[in-house]
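K.L.:
Generate coordinates for the sequence data below:
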Amino acid sequence: MSARRSWSKLMVLVLAAIMLLSLPLAAGAAMANGITGPKDGATVSGKVDVVGSASDPSFQKWQLDLLPGGDSNAAIFLAVGNNPGEFSYALDTAGLPNGQHALRLRVVRNDSNYSEYTNKFTIANGGAKPAAAKDIVATAIGAGQFKTLVAAVQAAGLVEALQGKGPFTVFAPTDAAFAALPAGTVESLLKDPKALANILLYHVVPGEVKAAGVKDGLTATTLQGSPVAFKIADGKPSIQGANIVATDVMASNGVIHVIDKVILPPAAAAAAPAATPAPAAAKDIVATAIGAGQFKTLVAAVQAAGLVEALQGKGPFTVFAPTDAAFAALPAGTVESLLKDPKALANILLYHVVPGEVKAAAVKDGLTATTLQGAPVAFKIADGKPSIQGANIVATDVMASNGVIHVIDKVILPPAPAAAPKTAAMANGITNLKDGAKVSGTAEIKGYANDPKFQKWQLDVLPGGNANAAISLAVGSNPGEFSYTVDTTKFPNGDHALRLRVVRSDSNYDEYVTKFSIANR
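P.N.:
Presented below is the predicted three-dimensional model:
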């Protein structure tokens, strides 16, 4: 009998142990989506285990990508999984350049929408520099994301020069940066080696300038002969308005820094005939404002509000730009306070932007226009002098590649939002255009964007459904319902998509995509 009792007790203990061991597995279901290791801001080297969790009631799959330099347009696919819950992936950082990068996790739902989670990290591998055995041209070829740049260097006859002793510092635009140029630009340049070489040499500085040597306000003379200027805003470096997204890619004869935009040298006045269009038209609105020199506060505000990418979009936009003196006339401390509140700042700045190209000749007394902020502005003309919302328009028709700038002498403020009816029950997304719809002519896009940690919404068109070719349409800093009018005649017939991003204060966002077809005659 005693043997039976002992056996029974042993079985009870075994069952209890099994139940205890199963408890952590049950608790794991409560884990939040995201990348749990390496942690945000971590420094890593060698082989790293990327660990995370991905789940959703409508779960379809998870996808893990590497964003070199934090650039989502240069994303490198790492892994995909069809099972919800915890996952891991072994990442060998030895083949990647040192510096700041990011990991992106997308949890995709059955309706093809997804939530996105990003962790920034720094690679700091010691030892020999792996790329140092190759010259700058060979390093660019091996990287895989500079195919257009390499083709351009070959067409311009600069291969031998960039394989020389050096050292050189090259600011290398990605393939996505070249693709963002106006249609036909790359093809035309490839047929004009002299003009192409002029632009390419503007991306090269003699000597070896590493990331640690770049300071805010630094200038350097390029091999093209013109200077370039560097800026550092919120710790992020840029050169001539192009973001430096990855740094210190070492080569045997210099160093490469990756940029997200092709930078253009100043127009050569001696080479340009008198009838040449205004050189400023080659620059977008942000670059034009930077070059003007009297909008330093406005440019700093646009950067702080996260609107640079939107105002570098296809447009066209009409911007009513307050001068530095206009910002200085605000009550003491106002600008400083706004720079610390990106949401309020974006709300004010978007009140200065009207979609479409409104030149001075089209402004009439009593004209009204709806801004990207959502509220209307009214124009007046008194004694032949135009004004907008009480601010004098002191200079007009400063042309840019994606719109026009008018200079005003006062910062205009949007009206306080009226109390809106509760719309919390509405779901985020594009509400009036069904997936697969056909449109033509002018189409109104309506949607809804809200979140407990709402920061802003952004509406983009994806030509052919290609997220890497996204064109910014509108951005808003107010949650709730919104609308935007798009002229579909500016896009080719065929299948496209609209993408709505609802961005939270932690920079993560939910994304909603609606496919549609353009069928203009």
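
K.L.:
what about the most centrally placed residue in the chain, helix or strand, and which?
P.N.:
Nearest to the geometric centre of the chain sits Glu309, at 5.3 Å (C-alpha atoms, centre = their mean). Using DSSP states H and E, Glu309 sits within helix 308-311.

K.L.:
Mind giving me the packing neighbours of that helix?
P.N.:
Using 3 or more C-beta pairs under 8 Å, 6 or more residues apart in numbering; DSSP states H and E as the contact test, the elements touching helix 308-311 are helix 285-292, strand 471-476. In this view, the C-beta of every residue, glycine as well, is placed from N, C-alpha and C.

K.L.:
which parts of the shortest one are buried?
P.N.:
To tie it back to what came earlier, the one meant is strand 471-476. Ser472, Leu473, Ala474, Val475, Gly476 (16 or more other C-beta atoms under 10 Å).

K.L.:
what do you get for stretch 181-197?
P.N.:
Quick answer for stretch 181-197 (16+ other C-beta under 10 Å): Leu181, Val186, Leu189, Leu196, Ala197.

K.L.:
Could you do stretch 374-381 as well?
P.N.:
Neighbour count says stretch 374-381 has Gly374, Ala375, Val377, Phe379, Lys380 buried, by 16+ other C-beta under 10 Å.

K.L.:
and which of those is nearest Gln458?
P.N.:
Closest approach between these and Gln458, by C-beta to C-beta: Gly374, at 14.2 Å.

K.L.:
how close does the closest one sit to Ser112?
P.N.:
Distance of Gly374 to Ser112, computed by C-beta to C-beta, to the nearest Å: 29 Å.

K.L.:
Likewise for Pro342?
P.N.:
On the measure of C-beta to C-beta, Pro342 and Ser112 end up 30 Å apart.

K.L.:
Quick check on these two: which one has the bigger neighbour count.
P.N.:
Neighbour tally, Pro342 and Ser112, criterion other C-beta atoms under 10 Å: the higher count belongs to Pro342, 20 against 12.

K.L.:
contacting residues for the nearest residue to the more buried one once chain neighbours are set aside?
P.N.:
Distances taken as C-beta to C-beta, 6 or more residues apart in numbering place Ala305 nearest to Pro342, at 5.0 Å, with adjacent residues excluded. Contacts for Ala305 (C-beta atoms under 8 Å, 6 or more residues apart in numbering) come out as Pro342, Leu345, Ala346, Leu349.

K.L.:
In this structure the first one contacts Ala301, no?
P.N.:
No: here Pro342 does not reach Ala301: they are 9.6 Å apart, not a contact under C-beta atoms under 8 Å.

K.L.:
can you count the residues close to Thr43?
P.N.:
When counting by other C-beta under 10 Å, one arrives at 10 neighbours for Thr43.

K.L.:
what about the closest residue to it other than its chain neighbours, helix or strand, and which?
P.N.:
Excluding its sequence neighbours, the residue lying closest to Thr43 (C-beta to C-beta, 6+ apart) is Thr122, at 4.6 Å. Under the criterion DSSP H and E, the helix or strand holding Thr122 is strand 114-123.

K.L.:
elements contacting the following helix or strand past that strand?
P.N.:
Next helix or strand after strand 114-123 toward the C-terminus (DSSP H and E): helix 136-143. Contacts defined by 3+ C-beta pairs under 8 Å, 6+ apart place helix 136-143 against helix 147-155, helix 159-162, strand 168-173, strand 242-251, strand 254-259.

K.L.:
Most tightly packed of these?
P.N.:
strand 254-259 (a mean of 25; mean count of other C-beta atoms under 10 Å).

K.L.:
hmm, back to that, for the helices and strands packed on helix 308-311, please prepare JSON lines with the additional fields mean pLDDT.
P.N.:
Shown next, in JSON lines, are these (pLDDT from 0 to 100):
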{"stretch": "helix 285-292", "mean pLDDT": "84"}
{"stretch": "strand 471-476", "mean pLDDT": "84"}
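
K.L.:
Would you format those as TSV with distance to Ala138 included?
P.N.:
As requested, these are exported to TSV (distance: least, C-beta to C-beta, whole Å):
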stretch	distance to Ala138
helix 285-292	32
strand 471-476	34
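
K.L.:
Go through those and name the closest to Lys314.
P.N.:
strand 471-476 (4.6 Å).

K.L.:
Okay then, goodbye and thanks.
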